[in-house]
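S.K.: Compute the structure for the input listed below.
(chains A and B)
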Amino acid sequence: MDFFIQLFTDPVGFYNQHELLIAQIGINAILAIAIFVTFYSGQLTLANAGFMAIGAYTTVLMSLYLPTPLPLNMLGGALLAGFIGFLVGLPVLRLRGIFLAIATIGFVEALRLGVILNVPITGEGQGLKNPTADPLGGILPILISVPVLSYLVWRLTHTRLGQAWAAIREDELAASSNGINVPLYKMIAFIISAVVAGYAGALETHINFFVDPTEYGISRTIQILTFAVVGGTTNVVGPVVGAIFLTALPEIIRWASAYRDVVNGVILILVIIFRPQGIVGRGGLAVIAPRWWTRWRSRERPASAH
Amino acid sequence: MTQQVLNAIFIGSIYALFAVGYTLVFGVLDVVNLAHSAVFMLGAVITYSLVVLHGMPFLPAALIAIVVCGLLGLLIEFVALRPLRRRNAPPIAALISTIGLALIFVAIVEQATPGTPFSWLWQDGPNSVRFPTEAVPNPTYHVAGLTIEGTKLGILATSVVLMLVLGYVIRFTQVGRALRAVAENRRAATLLGINVDRIFAATLFVSSALGGLAGLLFGLAISDISPYIGRDQVELKGLAVIVLGGMGSVPGAVLGGYVLGLIEVFAFVRFGSNIAAGVAFAALFVMLVVRPQGFFGTRLRERL
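M.R.: Now for the predicted structure:
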């Protein structure tokens, strides 16, 4: 509770005290935007942790070995992630549903275990030191990126491109028989998602002094997925809200710090059972009453009428 | 080299047992049960705690652990899966609720140290332990220059027998026919008078019991029992195995388990341990791109 009291009574003190948390919330929100793009086009891809790793490693390696300025390094990381996304997408996007999800998980783990841990330039299992990191200066770009990217993606979903994605999501066969180039639009969504995830990875290394290969595994991927599903994927606000909620949750439930994951798990289950469309889904923010509640209410009502 | 092949067969049996449970749930319920790896871990943890903390002999302890794991399967069905079916949630929702359960199971074990509410279950927190050597009889045989440990022979025998039994039940008994009917078409099965919910519960029970058994065999063979063995060692490899064999195909999962064991051992011998870890996922990726239906899968339709 202290967390919320301070948020409203002392925002400046709150910001100073929770800078790292706020930065992490921002990065997770960007990752949630990345997975939203593929979700919106009806594809369950779980490759974002891998693209993050590409963005992070590229940025740090460029700042270590090249005289380029930092923004260019970040751009390089994001673009390389997009390019790898294109290469991976070529074979993988023919798959659908759970098969696509598993293939992209395979990509993430093969990249981490097979490539990053075996190529000397990435520091292998040791990780990579990032001397140019700037934990405090890095927060501002993150906080600017979240609303800007949300707005861009929100606009994008209202263009012809976004309509094509929605059509593919609803019915791929119908979309393609209406002249929508399904593979092309799927690929565009996948690449945009990869670029955004790579950008999030680049931003994240900028606030940490260290690139840790264990960060970019399956647990990260699943975390990003839960942001999107818990938040809801009908519009871009959902995943962002999910990311904010789930990242801040450990702070909110400090009193249960030892059993944090238990509370986390309970909340995941409750949200998914009572709000399967996510926190921000159809029906706005209203919480659907559980069935036993409506039943109990309808039993009580005649009694109270008398 | 022959020794390596033997090792591949032992570890392959464990992968196969684990993956059979995974694939059974996917085939019948169309759900990827990500709590399966937590049940795998609990199979090892419960056996360990019964043997070491409560002084039981190994075999009854293992039996109790398997039954408890089966009951945990029912818990998964009633807490994480059935409420979602009632609400017609998309299948991806079940992915999230089973992740939630897995988080809870792992956190309970990882936080259990002496003096905490769960100290009767586990006392080593996040650390890794092994069965004491005197608790499990382990005669070692030397045949033609090969070292064969008794426990590993037991593992092989147990898993082969169980998989044969499971195959028989699915193919030739009334329950198995009902199971296949539900897997084929849930609605039609309901119309034919099959109690679909009961079949689902039975599937979860059998699947989780097999998962728990795989976990305790893993603890026995690899001598590594910790809250993280499910998540780190088999969760994704299990996915790789059922994709190799064909999602939802039980014989495919068995074959996939042995194939993955072989691939890993050969990659280890040929390229060293670093690359071997990534090989499983490279194989998974290639298989999905080249032949997404796996070795045995025939039907390939959108399931999500």
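S.K.: how far away is residue A:135 from residue A:209?
M.R.: Residue A:135 sits 8 Å away from residue A:209, going by Cβ to Cβ, to the nearest Å. Just so you know, the C-beta spots here come from the backbone N, C-alpha and C atoms, and that holds for glycine as well.
S.K.: Nearest residue to whatever residue of chain B ends up closest to chain A in space, please, no chain neighbours.
M.R.: Distances between chain B and chain A by Cβ to the nearest Cβ are smallest at residue B:278, namely 2.6 Å. Leaving aside its chain neighbours, residue B:278 sits nearest to residue A:114 (2.6 Å; criterion: Cβ to Cβ, 6 or more residues apart in numbering or on different chains).
S.K.: pLDDT below threshold where in chain A?
M.R.: Regions of chain A meeting the criterion pLDDT under 70 cover residues A:1-3, A:281-306.
S.K.: So the residue nearest to residue B:50 when sequence neighbours are not counted: helix, strand or coil?
M.R.: In space, and not counting its chain neighbours, residue B:50 is closest to residue B:61: 3.7 Å by Cβ to Cβ, 6+ apart. Of the three states, residue B:61 takes helix according to DSSP: H, G, I helix; E, B strand; the rest coil.
S.K.: Same check on residue A:46?
M.R.: coil.
S.K.: I'd say it and residue A:105 touch.
M.R.: Yes - Residue A:46 is within contact range of residue A:105, at 5.1 Å (criterion: Cβ atoms under 8 Å).
S.K.: more crowded one of these two?
M.R.: residue A:105 (26 against 23; other Cβ atoms under 10 Å in any protein chain shown).
S.K.: helix or strand for the more buried one, which one?
M.R.: Assigning secondary structure by DSSP states H and E places residue A:105 in helix A:97-109.
S.K.: picking that back up, got a pLDDT number for the residue of chain B closest to chain A?
M.R.: According to the per-residue confidence, residue B:278 scores 78 in pLDDT.
S.K.: repeat for residue B:273
M.R.: The predicted structure scores residue B:273 at 71 on the pLDDT scale.
S.K.: Distance check, it against residue A:246.
M.R.: Relative to residue A:246, residue B:273 is positioned 35 Å away (criterion: Cβ to Cβ).
S.K.: Comparing the two, which residue is more hemmed in?
M.R.: Under the neighbour definition other Cβ under 10 Å, residue B:273 and residue A:246 were set side by side, and residue A:246 has more, 22 against 9.
S.K.: just the helices in chain B please.
M.R.: B:2-29, B:36-48, B:58-75, B:82-86, B:91-110, B:150-172, B:174-184, B:186-191, B:196-222, B:229, B:235-245, B:250-271, B:273-290 (DSSP state H).
S.K.: Most tightly packed of those helices?
M.R.: A comparison of the helices of chain B by mean neighbour count, using mean count of other Cβ atoms under 10 Å in any protein chain shown, puts helix B:36-48 on top with a mean of 30.
S.K.: residues from the stretch 1-150 of chain A in reach of chain B?
M.R.: Contact residues (Cβ under 8 Å from any Cβ of the partner chain) of the stretch 1-150 of chain A with chain B: A:44, A:91-92, A:94-99, A:101-103, A:105-110, A:112-115, A:117-118, A:124.
S.K.: tell me the angle the helix or strand harbouring residue A:77 makes with helix B:273-290.
M.R.: Take DSSP H and E as the rule and residue A:77 turns out to sit in helix A:70-92. Here helix A:70-92 runs at 50 degrees with respect to helix B:273-290, directions being taken by axes from the mean of the first three to the mean of the last three Cα atoms, to 10 degrees.
S.K.: what sits up against helix A:70-92?
M.R.: Counting by Cβ atoms under 8 Å, 6 or more residues apart in numbering or on different chains, the neighbours of helix A:70-92 from elsewhere in the structure are A:45, A:47, A:51-52, A:54-59, A:62-63, A:66, A:68, A:100, A:103-104, A:107, A:132, A:186-187, A:190-199, A:201-203, A:206, B:285, B:288-289.
S.K.: Can you tell me which of the residues you listed are classed as buried?
M.R.: The neighbour-count test (16 or more other Cβ atoms under 10 Å in any protein chain shown) marks A:45, A:47, A:51-52, A:54-59, A:62-63, A:100, A:103-104, A:107, A:186-187, A:190-199, A:201-203, A:206, B:285, B:288-289 as buried among these.
S.K.: Run through the residues that contact residue A:115.
M.R.: Contacts for residue A:115 were tallied using Cβ under 8 Å, 6+ apart; they are A:122, B:278.
S.K.: and it, how far is that from residue A:213?
M.R.: Per Cβ to Cβ, residue A:115 is found 10 Å from residue A:213.
S.K.: Overlap in contacts, those two.
M.R.: Counting by Cβ under 8 Å, 6+ apart, the contacts common to residue A:115 and residue A:213 are residue A:122.
S.K.: Near the residue of the stretch 101-250 of chain A found nearest chain B, how many other residues are there?
M.R.: Of all residues in the stretch 101-250 of chain A, residue A:114 sits closest to chain B, with a separation of 2.6 Å (Cβ to the nearest Cβ). Neighbouring residues of residue A:114 were enumerated by other Cβ under 10 Å; the total is 22.
S.K.: For the helix holding residue A:77, what is the distance to the chain centroid?
M.R.: Offset of helix A:70-92 from its chain centre (Cα atoms, centre = their mean, to the nearest Å): 17 Å.
S.K.: What separates the first and last residues of stretch B:139-148, distance-wise?
M.R.: Using Cα to Cα, to the nearest Å, the end-to-end distance of stretch B:139-148 comes out at 9 Å.
S.K.: Can you pull out the low-pLDDT segments for chain B?
M.R.: Those would be B:274, B:296-304, if you go by pLDDT under 70 across chain B.
S.K.: residue farthest from the centroid of it?
M.R.: For chain B, the residue at maximal distance from the C-alpha centroid (Cα atoms, centre = their mean) is residue B:144, at 32.5 Å.
S.K.: What are the phi and psi values at it?
M.R.: Listed backbone geometry of residue B:144 is phi 50, psi 50, with angles given as degrees, to the nearest 10.
S.K.: Chain neighbours aside, what residue packs nearest to residue A:277?
M.R.: residue A:232 (5.6 Å).
S.K.: Can you verify my assumption that residue A:241 contacts residue A:228?
M.R.: No - under the contact definition of Cβ under 8 Å, residue A:241 does not touch residue A:228, with a separation of 10.5 Å.
S.K.: who's more crowded, those two?
M.R.: When neighbours are counted by other Cβ under 10 Å, residue A:228 comes out ahead of the other of residue A:241 and residue A:228, with 28 against 20.
S.K.: Check the gap between the more buried one and residue B:90 for me.
M.R.: Relative to residue B:90, and taking Cβ to Cβ, residue A:228 is found at 12 Å.
S.K.: swap in residue B:100?
M.R.: For residue B:100, the distance to residue B:90 equals 16 Å [Cβ to Cβ].
S.K.: With residue B:59 instead?
M.R.: Counting by Cβ to Cβ, the gap between residue B:59 and residue B:90 amounts to 43 Å.
S.K.: returning to that earlier point: next one: the residue farthest from the centre of chain B relative to residue B:172, how far apart?
M.R.: With the distance defined as Cβ to Cβ, residue B:144 ends up 38 Å from residue B:172.
S.K.: try residue A:237
M.R.: Here the criterion is Cβ to Cβ. By it, residue A:237 lies 54 Å from residue B:172.
S.K.: isn't residue B:162 right up against residue B:16?
M.R.: No - in this structure, residue B:162 sits apart from residue B:16 without contact. The criterion is Cβ under 8 Å, and the distance is 9.8 Å.
S.K.: related to what we said a few turns ago, what sits in contact with each of residue A:46 and residue A:105?
M.R.: Once Cβ under 8 Å, 6+ apart is applied, the residues that residue A:46 and residue A:105 both contact turn out to be residue A:221.
S.K.: The helices of chain B into a markdown table, with extra columns for distance to residue A:168?
M.R.: As requested, those are exported to a markdown table (distance: least, Cβ to Cβ, whole Å):
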| stretch | distance to residue A:168 |
| --- | --- |
| helix B:2-29 | 25 |
| helix B:36-48 | 32 |
| helix B:58-75 | 37 |
| helix B:82-86 | 25 |
| helix B:91-110 | 17 |
| helix B:150-172 | 37 |
| helix B:174-184 | 28 |
| helix B:186-191 | 27 |
| helix B:196-222 | 32 |
| helix B:229 | 40 |
| helix B:235-245 | 24 |
| helix B:250-271 | 30 |
| helix B:273-290 | 20 |
